[in-house]
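Trainee: what follows is a predicted structure for the sequence shown.
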Protein chains: 2
Amino acid sequence: MLESAEIGHTITKAAYAHDEPRLREALLNAQYDLAQSARGPALLVISGVEGGGRGEIANQLTAWMDPRHIRVVAFGPRTPEEEARPPAWRYWRALPAKGKVGIFMNAWYSEMLAARVRGEIDDGELHARMAAIRQHERMLTDEGLVLLKFWIHLSKAAQKKRLRQLDHDPRTSWRVTRDDWTRYRVYSRSHDLWEHVLRETSTGEAPWYVVEGVDERYRNLSVGKILLGTMQRTLAAKRSRVPKHSLTPTAPAVIDNVKLIRDLDLTKRIALNKYEEGVERYQGKLAKLTRNKRFADHSLVLVFEGADAAGKGGAIRRVTAALDARQYVTVPIAAPTDEERAHPYLWRFWRQVPPRGGIVIFDRSWYGRVLVERVEGLCSVTDWMRAYDEINQFEEQLTTAGAVVVKFWLQISPAEQLRRFRERERTSFKRFKITAEDWRNRTKSTDYKSAVGDVVDRTSTEIATWTLVEAEDKNYARVKILRTIVRRLEAALA
Amino acid sequence: MLESAEIGHTITKAAYAHDEPRLREALLNAQYDLAQSARGPALLVISGVEGGGRGEIANQLTAWMDPRHIRVVAFGPRTPEEEARPPAWRYWRALPAKGKVGIFMNAWYSEMLAARVRGEIDDGELHARMAAIRQHERMLTDEGLVLLKFWIHLSKAAQKKRLRQLDHDPRTSWRVTRDDWTRYRVYSRSHDLWEHVLRETSTGEAPWYVVEGVDERYRNLSVGKILLGTMQRTLAAKRSRVPKHSLTPTAPAVIDNVKLIRDLDLTKRIALNKYEEGVERYQGKLAKLTRNKRFADHSLVLVFEGADAAGKGGAIRRVTAALDARQYVTVPIAAPTDEERAHPYLWRFWRQVPPRGGIVIFDRSWYGRVLVERVEGLCSVTDWMRAYDEINQFEEQLTTAGAVVVKFWLQISPAEQLRRFRERERTSFKRFKITAEDWRNRTKSTDYKSAVGDVVDRTSTEIATWTLVEAEDKNYARVKILRTIVRRLEAALA
């Protein structure tokens, strides 16, 4: 979930100068409307890595907004008064009233993460606390509170640079403590923990927003825009009497969540001899790995998603060429049948879950709910917002039972897609592959891009990561896919 | 949560003969309407103690209803096919389609409980599984499934009698295995586990229904009526487009949940000399206990609920007479203030949570949400149904932090209440205590009784049990209350 916040998002001075005054005015207006409506409150819980700029965000928001209706509470070590009561007491005390905006710095998440890193709680206790947090947050949102959870993130390199900067500047060096450097040293170990906790506590009603902290302008504008969007939706919901559960903030395009995909280098190509050599090599390894006796304790679940004509089918055939036909099933996913529609959306995928020793290849998958169903409006915002969490739970169940889950997103340029569509129309045996729907989907490409960005942000987890594939050159894509599967299997069987 | 299913509910043959044909016809009609509407499905998960009659219920329901639209699935030990896949797979496979009714015998709960009793999983794993179950069930209900969880219960004595009966009858003795007797022997140990699991997994969208299994007629009628009511609500919700979360089945009056209160022996009295002796004795003990140095690790939270004029105030004064004024606070709860209304309903109570070493006495409490707010329609069904779970979580947080939570329900007869109202009107210094609202509340006494029954069923937990007090004789009530507090404190400080 942190990948797309480690790639250097920036906003130019000019863009900031354009957006900032507008955002500021809109925030002030929304804040007054919220106070008048006595809806909410809106509570921002801000956590993240050291040096990411959490404090600066709080300062910026209070500078932008009316300080009479916003309150920042920074939680530190517990006071004796707090120690004498249940842990949640101090958070209840500081809870903002309806119509207000509250900012909690280092609240329940920071406390839990710090305790785990220091080894004060074990994994069992960590899970108990996360379950309690889920219940607590659900109760708050059921009561009408709008919860925005921000994880302000820096890559390891960016954190080092940032701490050095602060350290060298005499005006800020007092802010960098020995503790900060100690925490920097355990960055890599902490990274898995952050991923894990964010995945387990990102729910439909209280999702995490991961914001990269490296560029101050990007960081502050992103948080401000997400807050604004949420306040506006909260106010709109009041008027139309939408049930509480739809107050869910939608995943934002404002944080430029497509950068990861946009930045893919689609010029990557592979020479024919290298391609043939690569395919042969990795098919050989794959064949061996799936016949390895240790594979009997595992299973392999491959997910292929991508734009139309991105080359999923061809890539899948290069994989299956290495497999024993009795061992694998390819499952093409189209619109659900009547029987499938009569069950929860995950049901059709659960039916296909392979036994240990088995392989299932999904040509499109359960991500349909957060891709086509979302973009085409086939399900409500509430439904697809909760789906990220449900999908993560599903994949966790798969991996816990020994499955290796490898997910591919195949990306091509619009020009290449058009070329392939035209080619298919000319080639008679490929004509069945191109429909009016394919042409129509092209017109919604911005919506799809944003949906794909959210998929990667919210479901690329430490247990089932996404692999983004530059698929402009089919051959390059096929080798990358085979190699990725082989490496993931090698790691699992090691 | 099991108390009111250990008191011998029965239904006469005549009452059964009257109700059964009507229920049967209504169930059949509801079943056809459900199939037509393609809503639901309705899934009954039936667990409970051995010999409680779970199988008979499934048989009775399929006999009453159209077997084409109802399917019973009994889960046993896992097959190799099931073992090779994630644990949830077999439940997904058997999931009924929309419009259908499914009955799962011994599904995820029985499996988890058996594993815990056999010591295969520890408390940490138990909690992880319960958290996973909550998430799984929430996803199912979010997807439109209506989940009815039945715990078919027997007291220890009733179970023994039942197993003996089955054993002695040559037609049924084959059904009683050595395993059943083994499980009977660990009844007392299992009881705490059942209470714990039922409390942790009873949610607003999927609450448990505990049905006493001792009388076949009562048992089958109760389950049938709860199922009927839920199906009818599901169908009604379709027409009025109520959001999914209100499909929540409401707590049923059909299982006669007021028996526990109705059966209280209000003729209990105490002689004046015994009263004076008792008060003096327990006040003395209470004074000592609250000054005991081990009390510094605990706190005391007393909750007084009861009908108007039931004697809460007088009882509280007999408690506080034993306490150091610096150590306790009495909190009278009336309608919430504006500030309180601007926060989640539990906020006003969290503010009053005592530190370790402290005592808070609530004269009425957070149970207002599921008593007055429910009966007077001040909050939605969804809101008060989720409140039982939220209240249990709250009380768990209190007890985990060392609090001893003692909850009293004071019961008087309507005649005695009337007598006290009249007396208050005559006594000038008590006149402020009687208002028009008190007179009005008397007219809603049936609704209140049912609400109180649900409160006891759903929140009398192993960590914070309710004490029902026969308060017709004030003196009797006061001694019982003092004695209960003393015993609970003695147990906590032991």
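Mentor: The structure has been received and is ready for your questions.
Trainee: just read off the phi/psi values of A:Gln360.
Mentor: Small correction: residue A:360 is Val, not Gln. Recorded main-chain torsions at A:Val360 are phi -130, psi 130, according to degrees, to the nearest 10.
Trainee: actually A:His153, sorry about that
Mentor: For A:His153, the backbone dihedrals are phi -120, psi 150 (criterion: degrees, to the nearest 10).
Trainee: what is the neighbour count of it?
Mentor: Here the count is done by other Cβ atoms under 10 Å in any protein chain shown, and A:His153 has 26 residues near it. The way it works is simple: take the backbone N, C-alpha and C, and place the C-beta from them, glycine included.
Trainee: that one against A:Val211, yeah?
Mentor: Yes: between A:His153 and A:Val211 a contact is recorded at 6.8 Å, counting by Cβ atoms under 8 Å.
Trainee: need the overlap of contacts for those two.
Mentor: Residues touching both A:His153 and A:Val211 comprise A:Ala5, with contact defined as Cβ atoms under 8 Å, 6 or more residues apart in numbering or on different chains.
Trainee: the lowest-mean-pLDDT helix or strand in chain A: what's the following helix or strand?
Mentor: In chain A, the helix or strand scored least confidently by mean pLDDT, DSSP states H and E is helix A:436-443, which has a mean of 72. For helix A:436-443, the succeeding helix or strand toward the C-terminus, using DSSP states H and E, is helix A:445-459.
Trainee: just want the angle from that following helix to helix A:436-443.
Mentor: With axes from the mean of the first three to the mean of the last three Cα atoms, to 10 degrees applied, the angle from helix A:445-459 to helix A:436-443 works out at 80 degrees.
Trainee: for helix A:445-459, packing partners?
Mentor: Under the contact criterion of 3 or more Cβ pairs under 8 Å, 6 or more residues apart in numbering or on different chains; DSSP states H and E, helix A:445-459 touches helix A:259-262, helix A:372-375, helix A:381-400, strand A:403-411, strand A:466-470.
Trainee: chain B is nearest to which of these?
Mentor: Each of the helices and strands packed on helix A:445-459 was scored for nearness to chain B using Cβ to the nearest Cβ, and the closest is helix A:381-400 (4.4 Å).
Trainee: so which bits of the closest one are buried?
Mentor: Buried residues in helix A:381-400, counting neighbours by 16 or more other Cβ atoms under 10 Å in any protein chain shown, are found at A:381-399.
Trainee: what helices and strands are in contact with the least confident helix or strand of chain A?
Mentor: In this structure, helix A:436-443 makes packing contacts with helix A:414-426, judged by 3+ Cβ pairs under 8 Å, 6+ apart.
Trainee: how about the residues of the stretch 301-450 of chain A by chain B?
Mentor: Listed as neighbours of chain B in the stretch 301-450 of chain A under the rule Cβ under 8 Å from any Cβ of the partner chain: A:339, A:341-347, A:350-351, A:353-358, A:383, A:386, A:389-390, A:393, A:397-398, A:400-401, A:403.
Trainee: any idea how far the residue nearest to A:Ala403 when sequence neighbours are not counted lies from A:Arg356?
Mentor: If the residues on either side of it in the chain are set aside, A:Ala403 comes closest to A:Ser299, at 4.6 Å by Cβ to Cβ, 6 or more residues apart in numbering or on different chains. When Cβ to Cβ, to the nearest Å is the yardstick, A:Ser299 and A:Arg356 sit 5 Å from each other.
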